[in-house]
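K.L.:
sequence first, then the predicted structure:
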Amino acid sequence: MVKIGLEIHGYLNTKEKLFCNCKAIHGAKFSKPNTNICPICTGQPGSKPMLPNKEAINKAIQICLILDCTINPKFVWQRKHYDWPDLPKGYQNTISGTYAIPVGEKGKFLGINITEAHLEEDPASWNPQTGEIDYNKSGYPLIEIVTEPDFTSSEKVIEWLKQLIETLKYMKIIDKSLGIKVDVNVSIKNGERVEIKNINSLKNIRTAINYEIQRQKKELPTMQETRMFDENKRITIKMRTKESTEDYRFISEPDLPIIKLKKLRIEKIKKSLPETPREKIKKLIKKYKIEKKYAEILTKKLDIVEFFEKIIKKTDPKLAVRWVTEELLRILNYSKKE
């Protein structure tokens, strides 16, 4: 029997980085390397983090609510130590680790159990081939969602991930232009768990899982290990034996305060959440008698469906749905505008 679990890293849709005032933009959105940085996000000696980005914490709470997690009223920042060039401080600030309490835990989304979801900062972009490092990404707020090993095939993983990504992008919680990074844990009966790190597309996730299942059937793993996916060769390659939590030397972060969440804050965020795409589609079909194909088009973007729900109160639904899904979208696409 195959067991597959996921660790999904999504870039939160915030204006600033997690512990400094640098803009939260990088990659294709910010072409010049090492220009969106400061002493804090490059780990200069003597620099201290600012108070955590309130917007990032609120987005993390939103995600936990969507995943039906129990929100913890208090959590402590940890230092996760490892020695790689992309981490200038020598440690990552995270709400995970041996003694950590995640933002949310014990949830469920579309039939898959969620172990926890927590907030952390992203490392820099490091190219091992050239040795070049771009710190524009360093300190970017990340949400990490950890599932139970409830998946049994790559097809189920991909279908579930599509629904999760669509929901979080639709609700403007994660940055739709930056994609996701996924660590995939695969094991078969009587074998040890193998982790495949940092896969960044649905196509590669599917290929890596299918390859790893076949590889483990031929050679049953007797030790936990970490592997990488080679996109060109379409295979997984051993990097190292799997680290334990002791290897990261987790300690509480002395430069950051304990975060205490008031019940009123959580309730306020819960009330402000828009309906998910699936809920919205059901509503359009049932309440406004919209055909399913049009309902699916309308709910691809939150701005569009909210606009539609405003105008439908004052006009004929058949006219409104044709005008919005055909004329309005045609003009927006032609003009390359939102």
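P.N.:
Good, I have the coordinates. Numbering: from 1, shown residues only.
K.L.:
do a quick rundown of the helices in the stretch 151-300 of the chain.
P.N.:
In the stretch 151-300 of the chain, the segments counted as helices under DSSP state H, counting those that start in this stretch are 154-170, 202-218, 263-272, 277-288, 292-298.
K.L.:
mind giving me JSON lines with the ones you listed and columns for mean pLDDT, distance to Glu16 and mean neighbour count?
P.N.:
Glycine gets a C-beta too; all of them are placed from N, C-alpha and C. Listed next are the helices of the stretch 151-300 of the chain as JSON lines, based on pLDDT from 0 to 100; distance: least, C-beta to C-beta, whole Å; neighbours: other C-beta atoms under 10 Å:
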{"stretch": "helix 154-170", "mean pLDDT": "93", "distance to Glu16": "19", "mean neighbour count": "18"}
{"stretch": "helix 202-218", "mean pLDDT": "95", "distance to Glu16": "29", "mean neighbour count": "17"}
{"stretch": "helix 263-272", "mean pLDDT": "95", "distance to Glu16": "19", "mean neighbour count": "12"}
{"stretch": "helix 277-288", "mean pLDDT": "90", "distance to Glu16": "28", "mean neighbour count": "16"}
{"stretch": "helix 292-298", "mean pLDDT": "92", "distance to Glu16": "32", "mean neighbour count": "17"}
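K.L.:
let me know the secondary structure of Trp84.
P.N.:
Remark: Trp84 carries the secondary structure label coil [criterion: DSSP: H, G, I helix; E, B strand; the rest coil].
K.L.:
number of residues surrounding it?
P.N.:
Residues lying near Trp84 (other C-beta atoms under 10 Å) number 13.
K.L.:
phi and psi next, for it.
P.N.:
For Trp84, the backbone dihedrals are phi -130, psi 150 (criterion: degrees, to the nearest 10).
K.L.:
residues contacting it?
P.N.:
Trp84 makes contact with 123, 126, according to C-beta atoms under 8 Å, 6 or more residues apart in numbering.
K.L.:
likewise for Leu329?
P.N.:
Taking C-beta under 8 Å, 6+ apart, we find Leu329 in contact with 297, 304.
K.L.:
confidence score at it?
P.N.:
At Leu329 the predicted local confidence, pLDDT, stands at 92.
K.L.:
ok, it to Lys203 distance?
P.N.:
Taking C-beta to C-beta, to the nearest Å as the criterion, Leu329 is separated from Lys203 by 27 Å.
K.L.:
ok, the residue nearest to Ser252 when sequence neighbours are not counted - how many residues close by?
P.N.:
By the measure of C-beta to C-beta, 6 or more residues apart in numbering, the closest residue to Ser252 outside its immediate chain neighbours is Val76, 5.4 Å from it. Neighbourhood size, Val76 [other C-beta under 10 Å]: 15.
K.L.:
hmm, Val76 is touching Ile258, no?
P.N.:
Yes: proximity of Val76 to Ile258 meets the contact threshold set by C-beta atoms under 8 Å, at 5.3 Å.
K.L.:
wait, what's in contact with the residue nearest to Gln216 when sequence neighbours are not counted?
P.N.:
Among residues not flanking Gln216 along the chain, Ile188 sits closest, at 4.9 Å (C-beta to C-beta, 6+ apart). Applying C-beta under 8 Å, 6+ apart to Ile188 gives the contacts 1-3, 213, 216-217, 220.
K.L.:
want to throw the residues you listed into JSON lines with distance to Val321?
P.N.:
Conversion of those to JSON lines gives the following (distance: C-beta to C-beta, whole Å):
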{"residue": "Met1", "distance to Val321": "46"}
{"residue": "Val2", "distance to Val321": "43"}
{"residue": "Lys3", "distance to Val321": "44"}
{"residue": "Ile213", "distance to Val321": "44"}
{"residue": "Gln216", "distance to Val321": "49"}
{"residue": "Lys217", "distance to Val321": "50"}
{"residue": "Leu220", "distance to Val321": "55"}
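K.L.:
and the residues you listed, which is closest to Met239?
P.N.:
Among the contacts of Ile188, Gln216 lies closest to Met239 (C-beta to C-beta), at 16.3 Å.
K.L.:
low-confidence stretches in the stretch 1-150 of the chain?
P.N.:
Within the stretch 1-150 of the chain, the stretches falling below the threshold (pLDDT under 70) are 27-31.
K.L.:
90 - rerun?
P.N.:
Low-confidence regions of the stretch 1-150 of the chain, defined here as pLDDT under 90, cover residues 1, 25-33, 75, 82-86, 88, 96-100, 125-131.
K.L.:
if anything else comes up later, I'll come back, but that's it for now.
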